[in-house]
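J.: What follows is a protein structure lacking sequence information:
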């Protein structure tokens, strides 16, 4: 049974905004945690922790995700 997590509040901080947008982009594109992880070379548990605000992505991952989701460098800028 999967647990449905509410997204972080993007008004709290830039870290929460980044985590919120990463999850939003993943869900908008219909990707699982594992699929997102393969794109950014991260384990599904790491993706979950990023989206929950418990872990940060690094610059390399931000660039990869910006390219994949065609966000124009948004993730790298927020990082």
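T.: Received the coordinates, thanks. Everything numeric in this text was worked out from a predicted model, so none of it was measured. Residues are numbered from 1 along each chain as shown.
J.: who touches the helix or strand harbouring residue 47?
T.: According to DSSP states H and E, residue 47 maps onto helix 44-51. Helix 44-51 is contacted by residues 5, 7-8, 19, 22-23, 26, 32-34, 36-37, 40, 42, 55-57 when judged by C-beta atoms under 8 Å, 6 or more residues apart in numbering. Every C-beta, even on glycine, is put in place using the N, C-alpha and C of the backbone.
J.: And for stretch 72-79?
T.: Applying C-beta under 8 Å, 6+ apart, the external contacts of stretch 72-79 come out as 14, 17-18, 21-22, 56-59, 62-63, 65-66, 69.
J.: Filter those down to the buried ones, PyMOL style.
T.: Selection command for PyMOL covering only the buried members of the contacts of stretch 72-79, criterion 16 or more other C-beta atoms under 10 Å:
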select buried, resi 17+18+21+22+57+62+63+65+66+69
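J.: Adding distance to residue 78, write the contacts of stretch 72-79 out as TSV.
T.: Below are these laid out as TSV (distance: C-beta to C-beta, whole Å):
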residue	distance to residue 78
14	6
17	6
18	4
21	7
22	9
56	11
57	10
58	13
59	11
62	8
63	12
65	11
66	10
69	13
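J.: for the chain, longest helix please?
T.: helix 14-28 (DSSP state H).
J.: that older thread, output the contacts of stretch 72-79 as a markdown table; include the columns pLDDT and distance to residue 79.
T.: A markdown table is the format used below for those (pLDDT from 0 to 100; distance: C-beta to C-beta, whole Å):
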| residue | pLDDT | distance to residue 79 |
| --- | --- | --- |
| 14 | 87 | 9 |
| 17 | 92 | 11 |
| 18 | 94 | 6 |
| 21 | 95 | 11 |
| 22 | 95 | 10 |
| 56 | 92 | 7 |
| 57 | 94 | 7 |
| 58 | 94 | 8 |
| 59 | 96 | 6 |
| 62 | 96 | 5 |
| 63 | 97 | 9 |
| 65 | 96 | 10 |
| 66 | 97 | 10 |
| 69 | 96 | 14 |
